[in-house]
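Participant: Fold the stuff below for me.
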Amino acid sequence: MKLNRRVFIGTGAAAAASVLSAPMVHGAAHGRPKVVVVGGGAGGATAARYLAKDSKGEIDVTLIEPTRSYYTCFFSNLYIGGFREADSLAHSYGTLASQYGINVVHDWAVGIDRDARTVALAGGGSVPYDRLILSPGIDFVDGAVAGWDLSAQNKMPHAYKGGSQMELLKAQIEAMPQGGTFAMVAPPNPYRCPPGPYERVSMVAHLLKNTNPTAKIIVADPKPKFSKMGLFQEGWADNYAGMVDWIGSDFGGANVEVDPEAMTVSIDGEVTKVDACNVIPAMKAGRICEMAGITEGNWAPVSGHTMQSRMDENIHVLGDATNQGDMPKSGFSANSQAKVAAMAVRGALTGSKVFPAKFSNTCWSLIDTDNGVKVGATYEATDEKIAKVDGFISATGEDAALRKATYEESIGWYSGITSDMFG
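Facilitator: Predicted structure coming up:
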């Protein structure tokens, strides 16, 4: 009996399928092969651009992204801290369309028919593909934080997707009374940008130090430790002494309940009235991956050699949505993975040479003015996963000149990656 792979939410009919090569080009009989990319962030925009640029017109590339201006989630914490304007995080898709010939469709992808190889759009109709690249980022796990769901995101913002949520959170922090309390509920592993919540704590502290110096920050964390923990705790002690109270899982940080109407946070049964609260829930792959039936648990398993789904050889998945091995979920990782996927897709559809997959990642964080730290690594593909080869991390006690150089390096990286994404 033929397996029907028209999969909807909650089904896992093809969960055991292996990644296969694709000797036939679905679109060969009707013109150029077609690649559809869903999601225009660090993974999707990069993949679309590299496919269009390197194929030199041999491949028809469509990018589906609902927003006309993309606000990067990476570096958005610096907006909270007052180091960047919101507009500096916004990027247009105009160059991808005009210079690279990419068909940019501003709409929501709402379904995938894996048998017919089509992507359904919210506005009606569908887009056919020979290869599909999904880079939808993250969504949130329902019920991950007791008392909070998406209906509460205006009272207790997550601000973990770029754009208006970040502006809302900053406005709420700026509206706090003198001596007020800011709370953060940090996410469990794995999640987007491991140092991100703690850079945010640093940027909130920086803002409050200048405008509300007697305010307090409470962090309820379900984890016993976190990325760059020693660096952040050193930075908080040196720059924001007495302001930040981090409560890890060993001290009840995993037992949290919030009440958005009353603006309270309960940590291990102790209820605290707060003036602003940032709830960052547990995360999962963007919903379109569930709709395609290519997830196991919360994430989409992929082959590190090609970023192909382990459930459908015609789908590649990038960035935060993946279960790929050792790489963190970051913009740098997604950008690195996108180049591997674009090369693999181009090779499959046009016969171009495909080189062994290699990856890299660096995550920079700002603690205070000109006080930047970083962590990173290089990776290679194995049959089991993307495996870490070697890594590095800033050291505690570094001098001010090195920390300033690290921060300036991060500014250069932001300019470089956004040019790599959007042309």
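
Participant: Looks like G230 contacts G397 (just checking).
Facilitator: No: in this structure G230 lies outside contact range of G397 using C-beta atoms under 8 Å: 10.0 Å. Yep, even glycine has a C-beta here, placed from its N, CA and C like the rest.

Participant: how about the helices in the stretch 201-350 of the chain?
Facilitator: Along the stretch 201-350 of the chain, the stretches classed as helices by DSSP state H, counting those that start in this stretch are 229-239, 287-291, 331-350.

Participant: Then the stretch 51-200 of the chain?
Facilitator: 76-81, 94-98, 164-174, 196-211.

Participant: Show me the contact partners of the shortest one.
Facilitator: Outside of helix 94-98, the residues within contact range by C-beta atoms under 8 Å, 6 or more residues apart in numbering are 45, 48-49, 52, 63, 102-104, 422-423.

Participant: what do you get if the cut-off is 7 Å, keeping everything else the same?
Facilitator: The contact list for helix 94-98 (C-beta atoms under 7 Å, 6 or more residues apart in numbering) reads 45, 48-49, 63, 102, 104, 422-423.

Participant: and what of stretch 414-423?
Facilitator: 42, 45-46, 49, 72, 75, 91-93, 95-96, 99-100, 331-332, 335.

Participant: Chain neighbours aside, what residue packs nearest to G123?
Facilitator: Closest residue to G123 apart from its sequence neighbours, by C-beta to C-beta, 6 or more residues apart in numbering: D107 at 4.8 Å.

Participant: Could you pull up the residues touching that neighbour?
Facilitator: Here D107 is in contact with 64, 66, 121-123 (C-beta under 7 Å, 6+ apart).

Participant: Now with 10 Å, please.
Facilitator: 64-66, 119-125, 127 (C-beta atoms under 10 Å, 6 or more residues apart in numbering).

Participant: and if you look at S88?
Facilitator: 71-72, 75, 78-79, 414, 418 are the contacts of S88 under C-beta under 10 Å, 6+ apart.

Participant: Could you turn the buried ones of those residues into a PyMOL selection?
Facilitator: Only the buried entries of the contacts of S88 go into this PyMOL selection, using 16 or more other C-beta atoms under 10 Å:
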select buried, resi 71+72+75+78+79+414+418
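
Participant: which of the contacts of S88 lies closest to G297?
Facilitator: The nearest member of the contacts of S88 to G297, counting by C-beta to C-beta, is T72 at 27.2 Å.

Participant: May I have the phi/psi pair for the closest one?
Facilitator: The phi and psi values for T72, taken as degrees, to the nearest 10, are phi -70, psi 140.

Participant: Just the pLDDT for it.
Facilitator: Listed pLDDT for T72 reads 97.

Participant: In the protein, spot the helix with the most residues.
Facilitator: helix 400-422 (DSSP state H).

Participant: How about it, which residues are buried there?
Facilitator: By 16+ other C-beta under 10 Å, the buried positions in helix 400-422 come out as 403, 406-407, 410-411, 413-414, 417-418, 420-422.
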